[in-house]
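# sharing a model that was predicted from the sequence below.
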Amino acid sequence: MRGVVVESALAPGINALKTFDPPLHAIEGAAVTGVRRVGKHIVIDLAGDLALLVHLMSAGRLQLFDKRASLRDRTSRLLVRLADGNELRLREFGTRQRAWVKVLRAQDVAADDALATLGPEAWPDPPPLRELLAAQGARPLHGVLRDQHVIAGIGRSWVDEILWTAMLSPFKRADDLTDDEADALRAACVERLDGAIEHYERVVSLPIPDKLPMPLEIHRHQGEPCPRCGATIEAVHYEDYVMCYCPQDQTGGRVLKDRRLSRLLK
């Protein structure tokens, strides 16, 4: 995409556009100078001192197509039509419609509220984790690793994978890690996120599919045997996500209480 000029831009999902100054049409005629990642955000840098800041949330996709979308495509939130005939689309497949995009001046990107409060990057070179996580007190590891203000770039699926790789309970206290456990957790972050990038580069081609072939070994595998020890993978269900773990390797054989049952008993 580098060097390609934006021909036009539309926002069929008007709620996805979170800024009005500069207006969306300000990017028309600007060339793409680069695409980068900051935490879980995507930044598309444009000539003319502009940038698009995009957050896919849990159900968004930023996809490049070689044909133009119909405005009747209900999944489209943003359409950036390019002079080379391609089209960059922000699409969303969830019901909550939480994916968003901002048009910002380049000098304002780093100071935007979405980025200014992010913690250090989890990939490719995460910081030493024991001291960083100890500052979070008794919070469970699963919640802390998903907290972008603590460490940026890990989504829910990859928290499960990282904790399983490090053989740590998702409910272990963040301030209760030994040096060896903290080192194992940091190594697991690098291993699993490195592996994900390598996998996507190898198997994904344009146009990017609606559903990515994620190389998950534990997340979404409830009821299946653990790939490492053969124990049955268990899960804890929350309102909008599921946490999966191996009781044999991570919780000392204990099966954690499923929140669905707790709600039914109230």
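Good, I have the coordinates. Numbers count the residues shown, from 1 in each chain.

# skipping adjacent residues, who's closest to Gly252 in space?
Leaving out its chain neighbours, the residue that sits closest to Gly252 by Cβ to Cβ, 6 or more residues apart in numbering is Ser169, at 7.8 Å. In short, each C-beta sits where N, CA and C put it, glycine included.

# what helix or strand is the one you found on?
Ser169 is part of no helix or strand, with elements assigned from DSSP states H and E.

# all helices for the stretch 151-266 of the chain, in order.
Under the criterion DSSP state H, counting those that start in this stretch, the stretch 151-266 of the chain contains helices at 156-166, 179-203, 247-250, 259-265.

# worst mean pLDDT among those?
Among the helices of the stretch 151-266 of the chain, helix 259-265 carries the lowest mean pLDDT, a mean of 48.

# spit out the contact partners of the closest residue to Trp123 other than its chain neighbours.
Among residues not flanking Trp123 along the chain, Leu193 sits closest, at 4.0 Å (Cβ to Cβ, 6+ apart). The neighbourhood of Leu193, defined by Cβ atoms under 8 Å, 6 or more residues apart in numbering, consists of 122-124, 153-154, 158.

# of all those, which comes closest to His41?
Distance ranking of the contacts of Leu193 against His41, using Cβ to Cβ, places Gly153 first at 9.2 Å.

# what residue ranges in the stretch 51-200 of the chain score low on pLDDT?
Scanning the stretch 51-200 of the chain for pLDDT under 70 picks out no residues.

# what about the strands in it?
60-65, 76-82, 87-92, 100-105 (DSSP state E, counting those that start in this stretch).

# right, and the helices of the stretch 151-266 of the chain - which one's nearest Arg37?
Using Cβ to Cβ, the nearest of the helices of the stretch 151-266 of the chain to Arg37 is helix 179-203, at 10.4 Å.

# which of the residues in stretch 160-175 are buried?
Of the residues in stretch 160-175, those scored as buried under the neighbour-count criterion (16 or more other Cβ atoms under 10 Å) are 160-174.

# actually, stretch 14-31.
Neighbour counts over stretch 14-31 (16+ other Cβ under 10 Å) mark 16-17, 19, 22, 24, 26-27, 30-31 as buried.

# so for that stretch, mean pLDDT?
Rounded to a whole number, the mean pLDDT of stretch 14-31 is 94.

# count of residues packed around Pro213?
Pro213 is flanked by 10 other residues according to other Cβ atoms under 10 Å.

# buried ones in stretch 97-104?
For stretch 97-104, using 16+ other Cβ under 10 Å, the buried residues are 99-104.

# just stretch 140-159 next, same as before
Using 16+ other Cβ under 10 Å as the burial criterion, the residues of stretch 140-159 that qualify are 141-142, 144-146, 148, 150-159.

# tell me which two of those sit farthest apart.
Greatest spatial distance in those: Val150 and Ser157, 17.7 Å, computed using Cβ to Cβ.

# return the member of the buried residues of stretch 14-31 nearest to Gln248.
Taking Cβ to Cβ as the measure, Gln248 lies nearest Ala16 of the buried residues of stretch 14-31, at 43.0 Å.

# picking up where we left off before, winner for burial among the helices of the stretch 151-266 of the chain?
Sort the helices of the stretch 151-266 of the chain by mean neighbour count, taking mean count of other Cβ atoms under 10 Å, and helix 156-166 sits at the top with a mean of 24.

# the residue nearest to Gly252 and Gly48, how far apart?
Relative to Gly48, Ser169 is positioned 50 Å away (Cβ to Cβ, to the nearest Å).

# tally of neighbours for the residue nearest to Pro12 when sequence neighbours are not counted?
Leaving aside its sequence neighbours, Pro12 sits nearest to Ser76 (Cβ to Cβ, 6+ apart; 5.0 Å). Residues lying near Ser76 (other Cβ under 10 Å) number 21.

# what's across from Ser76 in the sheet?
Counting by DSSP bridges, Ser76 is bridged to Arg91.

# wait, it touches Leu88, no?
No - counting by Cβ atoms under 8 Å, no contact exists between Ser76 and Leu88, whose distance comes to 10.9 Å.

# residue contacts, Lys40?
In this structure, Lys40 makes contact with 55-56, 148, 152-153, 155, judged by Cβ under 8 Å, 6+ apart.
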